[in-house]
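Undergrad: Fold the stuff below for me.
(one chain, ligands or ions: 1)
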Amino acid sequence: MQNTTAMSDILIIGAGPVGSFTARALATKGYRVTVLEKRSRLGDPVCCAGIISPDCLGVLGGKEFPVLNSFEGARVFSPAGQTLELKRSRVQAVALDRGMMDMKLAEQANLAGARYVFGYKASHIETDDSGVNVYADSRQETCYRAQLLLIAAGFNPVLTNKLGMGKPADFATGVQARVEIKPSLPLCIFTSNNFAPGFFSWLEPLGDGSALAGLLCRKNAAVGFARYIKYLLNHGFITSAEKPQFRGVSLSPLSKTYSNRMLVLGDSAGQVKPITGGGVFYGLKGARCAISQAEKAFATGDFTASSLAGYQNGWKTVLGKDIQLGQIGRKIYEKLSDHQIDKAFRAVARNGLADRLAANNDLQFDDHGRVVLKILKMPAFYQTVGMTLLPELK
Ligand SMILES: Cc1cc2nc3c(=O)[nH]c(=O)nc-3n(C[C@H](O)[C@H](O)[C@H](O)COP(=O)(O)OP(=O)(O)OC[C@H]3O[C@@H](n4cnc5c(N)ncnc54)[C@H](O)[C@@H]3O)c2cc1C
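TA: The predicted model follows:
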């Protein structure tokens, strides 16, 4: 048996952006919060491009988080090498150092009163009438006990499945490496199925002569990534590449994100953009719903699953439609062959669809659902890409 039990009001598993954002908010409100993190420290490189919108940066805390680079648009490459310049007059996205983002958020949460326990892999969870216990693999280690447990443990199908909340129905693998680049490259997106079938790959300059090269795909991620790096080297985009890191990405939400004394949020819950796999902002939006549900539970003293169900309704109201539309966009995109993508590029270039989209200030970096909806509603889409591709999408 474990030797000690440490008590808190709220336990959070995971010191990623979602866990620490939640810890910061709840500790500021006066709750005794403990964050359990399996990594032994924060600040090391994380397999994440760290690209977020200015809105998301504002929610995180603005100037406190140093921006490495900012992007007004991107250069998108077709499989055969045609390019589309997507550009706006204002910054659409910024690049943060993800390792530093995690560290800064944890520091702020810690200053607000949250306690951090590093090197603790939460493995067993038991609830009873008056609380929830979390144990590490070895029962010799301290057991942590609280009224409420928030699971922000990233892509973690094993943990959520073990707790009876299932696993994401759809997921992918992300791969990324730091590379050296030729100067003055914009943010580049490559659409070739040769590297990232059904997804895309990116080359994200960090403003210091280095960049992050990465991609998402469903299988053989290492093989696709090796091909991608070879292509970037052969075509003079990069001069060298470091060893890649790999990480799972949820592409669809869990069907259940609450249970007795527990809420699941962030990547663990699948609060992720299905088109790109980007999950920082959606995770923070999910976290806001979890924070308000936690306050309600403490106010009423009711931590039962039926009372916590409001959390799922809340985050689905905020994100559900965007996720559903993003899934439709992903389905369409995944069906396209390289040949069809090239055809679409030609059609878009002919008819200026990209310029029309760029000119529409309603379409923001984070609103993927609205982007999909707008595109599907645009007559220009049917006159160009839709007419070209719909017969082939059946
Ligand atoms: C290659 C790649 C590029 C990406 N690029 C972007 C991007 O540019 N923009 C964007 O918005 N999103 C991006 N994402 C997605 C983004 O990284 C995630 O959505 C985001 O990290 C989710 O945050 P989180 O806090 O929910 O989970 P995570 O960041 O995964 O954090 C979970 C934390 O829980 C800890 N943990 C896990 N299990 C346990 C356990 N049992 N016990 C204790 N601790 C545990 C982990 O160590 C980790 O610290 C990218 C993902 C990948 C793979």
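
Undergrad: mind listing what's buried in the longest helix anywhere in the chain?
TA: As assigned by DSSP state H, the longest helix anywhere in the chain is helix 305-334. Buried residues in helix 305-334, counted by 16 or more other CB atoms under 10 Å: 307-308, 311-312, 314-316, 319, 322-327, 329-330, 332-333. C-beta: built from backbone N, CA, C; applies to glycine.

Undergrad: what does stretch 221-233 give?
TA: Buried, per 16+ other CB under 10 Å, within stretch 221-233: A221, G224, F225, R227, Y228, I229, Y231, L232.

Undergrad: tell me the mean pLDDT for the strand or helix carrying W202?
TA: In this assignment (DSSP states H and E), W202 forms part of strand 201-205. Mean pLDDT, strand 201-205: 97.

Undergrad: just stretch 148-157 next, same as before
TA: 98.

Undergrad: on that earlier part again, and the buried residues of stretch 221-233, which is closest to N260?
TA: Distance to N260, by CB to CB, is smallest for A221 among the buried residues of stretch 221-233, at 36.5 Å.

Undergrad: Neighbours of P66, how many?
TA: 11 (other CB atoms under 10 Å).

Undergrad: Look up phi and psi at it.
TA: Backbone torsions of P66, given as degrees, to the nearest 10, read phi -60, psi 130.

Undergrad: OK, contacts around it?
TA: L96, D97, M100 (CB atoms under 8 Å, 6 or more residues apart in numbering).

Undergrad: Tell me how far R41 lies from the ligand.
TA: 11 Å (CB to the nearest ligand atom, to the nearest Å).

Undergrad: So S192: helix, strand or coil?
TA: coil (DSSP: H, G, I helix; E, B strand; the rest coil).

Undergrad: can you count the residues close to it?
TA: 22.

Undergrad: show me what contacts the closest residue to it other than its chain neighbours?
TA: Leaving aside its sequence neighbours, S192 sits nearest to P79 (CB to CB, 6 or more residues apart in numbering; 4.0 Å). Residues near P79 by CB under 8 Å, 6+ apart: T191, S192, N193, N194, D338, H339, I341, D342.

Undergrad: ok so, going back, who wins on neighbours among the contacts of P66?
TA: L96 (23 neighbours).

Undergrad: in the stretch 51-200 of the chain, which spans are helices?
TA: According to DSSP state H, counting those that start in this stretch, the stretch 51-200 of the chain carries its helices in the segments 54-60, 98-111, 157-162.

Undergrad: Touching the shortest one from outside, list them.
TA: For helix 157-162, the external contacting residues (CB under 8 Å, 6+ apart) are 13, 122, 125, 151, 153, 166-168, 171, 248, 254, 264, 268.

Undergrad: hmm, try it at 7 Å
TA: With CB atoms under 7 Å, 6 or more residues apart in numbering as the test, helix 157-162 has contacts from I151, A153, G166, K167, P168, L254, V264, S268.

Undergrad: Distance of the second one relative to F71?
TA: Relative to F71, A153 is positioned 30 Å away (CB to CB, to the nearest Å).

Undergrad: cool, and the fourth one?
TA: As for K167, its distance to F71 is 33 Å (criterion: CB to CB).

Undergrad: ok, now the first one?
TA: Distance check for I151 against F71: by CB to CB, it reads 32 Å.

Undergrad: which of these two has more neighbours?
TA: I151 (29 against 19).

Undergrad: hang on, that one packs against S268?
TA: Yes. With contacts counted by CB atoms under 7 Å, I151 reaches S268, the gap being 5.2 Å.

Undergrad: and G224, what element?
TA: Judged by DSSP H and E, G224 forms part of helix 221-234.

Undergrad: After that helix, heading C-terminal, what element do we hit next?
TA: strand 238-241.

Undergrad: what residues does that next one touch?
TA: Under CB under 7 Å, 6+ apart, the answer for strand 238-241 is A177, V179, E180, I181, A213, I229, L232.

Undergrad: Neighbour-wise, which one of those leads?
TA: A213 (26 neighbours).

Undergrad: how far away is it from G62?
TA: 28 Å.

Undergrad: and the one helix or strand G248 maps to, how far out from the chain's middle?
TA: Taking DSSP H and E as the criterion, the element that holds G248 is strand 245-250. Centroid separation for strand 245-250 versus its chain: 10 Å, with CA atoms, centre = their mean, to the nearest Å.

Undergrad: Direction included, what does the helix or strand following that strand pair up with?
TA: Next helix or strand after strand 245-250 toward the C-terminus (DSSP H and E): strand 258-259. Sheet pairing of strand 258-259 (DSSP bridges) gives strand 262-264 (antiparallel).

Undergrad: Are the partner strand and the ligand in contact anywhere?
TA: No. In terms of CB under 6 Å from any ligand atom, no part of strand 262-264 sits within range of the ligand; the closest distance is 9.7 Å.

Undergrad: For ChimeraX, what selects the buried ones among the contacts of helix 157-162?
TA: Typed into ChimeraX, the line below selects the buried ones among these, using 16+ other CB under 10 Å:
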select :151,153,167,168,254,264,268
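
Undergrad: tell me which parts of this protein are close to the ligand?
TA: So far as CB under 6 Å from any ligand atom goes, the chain lies against the ligand at 13-19, 36-39, 47-52, 121-122, 152-154, 156, 159, 174, 176, 214, 247, 249, 266-267, 272, 277-281, 283.
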